[in-house]
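Trainee: Sequence plus the predicted model coming up.
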Amino acid sequence: MDIFGATVVVLVCFYKNFHRTIYYQGKIQFDIPTEELLTFMQQGAFPLGIFSMMAAVFSLMATRLTGKQNNWGNFIGLLTTISSGALDYLFGNASAIITYPLTFLIFSVALVRWGRGARIRKRDVYYYLIIIAGLIVGFALVYLGAYLFGGRTDRWFLIVVALTFGLSLGGNFCNAFKYEETWLSWVVYNVVQLAKAAIQFNIANVAKYIFYLFNAGITLFDWRFNGDRA
């Protein structure tokens, strides 16, 4: 599944020519001829498509390792939070400036707790409180970020961004406490992320979240029926 997921992301991106996407002179430019990519980069263009592909693969591996209860997944997730925040900002989500640092902090908590031997726990009242609090904080920070920093402010874009961020906050915090139903949260999250990636025309993430959706469903059953990793 690890090899399959990474291969799907790369092949879809190349098939859709997403590797020919750059960020140049303050805007995203698609379908730059391959032979001209190096010339644009020498003039200060950022290879947004290629970087997105690489970030998507590493993020995918972080999710797979976490699902297999390997703490390296949390460590890689910690690192990819930085790149994901930068990419999200370039794709129009100005609120990423204040939302992703919080995600970075939650990954840090997960890294420490898992390192101390956290075990899978069943759903309780705190699980629901975490999910609700994540959604409230997510909407508050995204709309605050759009108000303070601008970027895309169309209604549906902000709703989708706020919903995905709120779900990720709850999911990541539940992951830090190793709730079994963490992966149920990720199933919902991945469906919404697909919509967000499509709105942003981020083909790398479209491919990635299709795989994530499949992976989250499998991992939910694995954690539920197989329990803690020996």
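Mentor: Okay, I see it.

Trainee: for the protein, what spans make up the helices?
Mentor: 2-15, 37-42, 48-67, 72-90, 96-115, 125-149, 155-176, 182-200, 203-226 (DSSP state H).

Trainee: So for residue 23, which of the ones you listed sits nearest?
Mentor: helix 48-67 (4.4 Å; Cβ to Cβ). Placement of C-beta: from N, CA and C, glycine included.

Trainee: Using CSV, write down the CA coordinates of that closest one.
Mentor: C-alpha atoms of helix 48-67 as CSV (Å, rounded to 0.1, in the frame of the first residue of the first chain):
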residue,chain,number,x,y,z
LEU,A,48,5.1,24.5,-6.9
GLY,A,49,3.9,21.4,-8.7
ILE,A,50,7.1,19.4,-8.2
PHE,A,51,7.3,20.5,-4.5
SER,A,52,3.6,19.6,-4.0
MET,A,53,4.2,16.2,-5.4
MET,A,54,7.1,15.5,-3.0
ALA,A,55,5.2,16.9,0.0
ALA,A,56,2.2,14.8,-0.9
VAL,A,57,4.3,11.6,-0.9
PHE,A,58,5.9,12.4,2.4
SER,A,59,2.6,13.3,4.0
LEU,A,60,1.2,10.0,2.7
MET,A,61,4.0,8.1,4.2
ALA,A,62,3.5,9.9,7.6
THR,A,63,-0.2,8.8,7.5
ARG,A,64,0.7,5.2,6.7
LEU,A,65,3.3,4.9,9.5
THR,A,66,0.9,6.4,12.0
GLY,A,67,-1.7,3.9,11.0
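
Trainee: Would you format the helices of the chain as TSV with mean neighbour count included?
Mentor: Formatted as TSV, those follow (neighbours: other Cβ atoms under 10 Å):
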stretch	mean neighbour count
helix 2-15	16
helix 37-42	14
helix 48-67	22
helix 72-90	20
helix 96-115	18
helix 125-149	16
helix 155-176	22
helix 182-200	21
helix 203-226	20
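
Trainee: mind giving me TSV with those and columns for distance to residue 28?
Mentor: Output for those, formatted as TSV (distance: least, Cβ to Cβ, whole Å):
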stretch	distance to residue 28
helix 2-15	15
helix 37-42	13
helix 48-67	6
helix 72-90	7
helix 96-115	15
helix 125-149	18
helix 155-176	15
helix 182-200	9
helix 203-226	12
